[in-house]
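> No sequence on hand, only this structure:
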């Protein structure tokens, strides 16, 4: 039973971390690596694979979505909240609070906008 409570706590930490660290002055998606690292700090006795498992469960349940960019030959995974309204709000916040964006920020905006379209059934691709 302790494992179940721990798994639930890790899961909630992962989703909460993504929720808290996206939007505003931050892009609507976050690199997966810092999520694993930061949540691991909260659970020092747990192997990082438990955090990655929680990410996999969150994506399969539809709380998060995962995007892998391999355009430069290196796989970079990003995570975002998998809810159209929330994601759209985070996109707006980023546009409203950021004067300019990096190439990575632009990629994350493009992916987030595409995901909103997918979730709303508005994508023609």
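Sure thing, it's come through. All values reported here derive from a predicted model rather than from experimental measurement.
> all contacts plus neighbour counts: C-alpha atoms, from now on.
Will do.
> burial measure for the nearest residue to residue 63 once chain neighbours are set aside, as a count.
Nearest non-adjacent residue to residue 63, counting by C-alpha to C-alpha, 6 or more residues apart in numbering: residue 82, 5.3 Å away. If you count neighbours by other C-alpha atoms under 10 Å, residue 82 ends up with 20.
> show me the residues around residue 82 that make contact.
62, 63, 64, 65 (C-alpha atoms under 8 Å, 6 or more residues apart in numbering).
> Just to be sure, the first one is in a helix?
What that stands for is residue 62. No. Applying DSSP: H, G, I helix; E, B strand; the rest coil, one finds residue 62 to be coil, outside a helix.
> Return the residues in contact with it.
Going by C-alpha under 8 Å, 6+ apart, residue 62 touches residue 82.
> Next one: it, what pLDDT does it get?
Turning to residue 62, the model gives it a pLDDT of 97.
> Drop anything exposed from the contacts of residue 82.
The neighbour-count criterion (16 or more other C-alpha atoms under 10 Å) marks 64, 65 among the contacts of residue 82 as buried.
> Confirm residue 28 sits in a strand?
No. Judged by three-state DSSP, residue 28 forms no part of a strand; its state is coil.
> Look up how far residue 51 lies from it.
21 Å (C-alpha to C-alpha, to the nearest Å).
> Who has more neighbours out of the two?
Set residue 28 next to residue 51 and count neighbours by other C-alpha under 10 Å: residue 28 wins out with 32 against 23.
> List the contacts of the more buried one.
22, 80, 87, 90, 91, 94, 108, 109, 112.
> that older thread, ok, the residue nearest to residue 63 to residue 99 distance?
25 Å.
> buried residues in the helix-or-strand element of the chain with minimal mean pLDDT?
Among the helices and strands of the chain, helix 2-20 carries the lowest confidence by mean pLDDT, DSSP states H and E, at a mean of 86. For helix 2-20, a neighbour-count test (16+ other C-alpha under 10 Å) marks 7, 10, 11, 13, 14, 15, 17, 18, 19 as buried.
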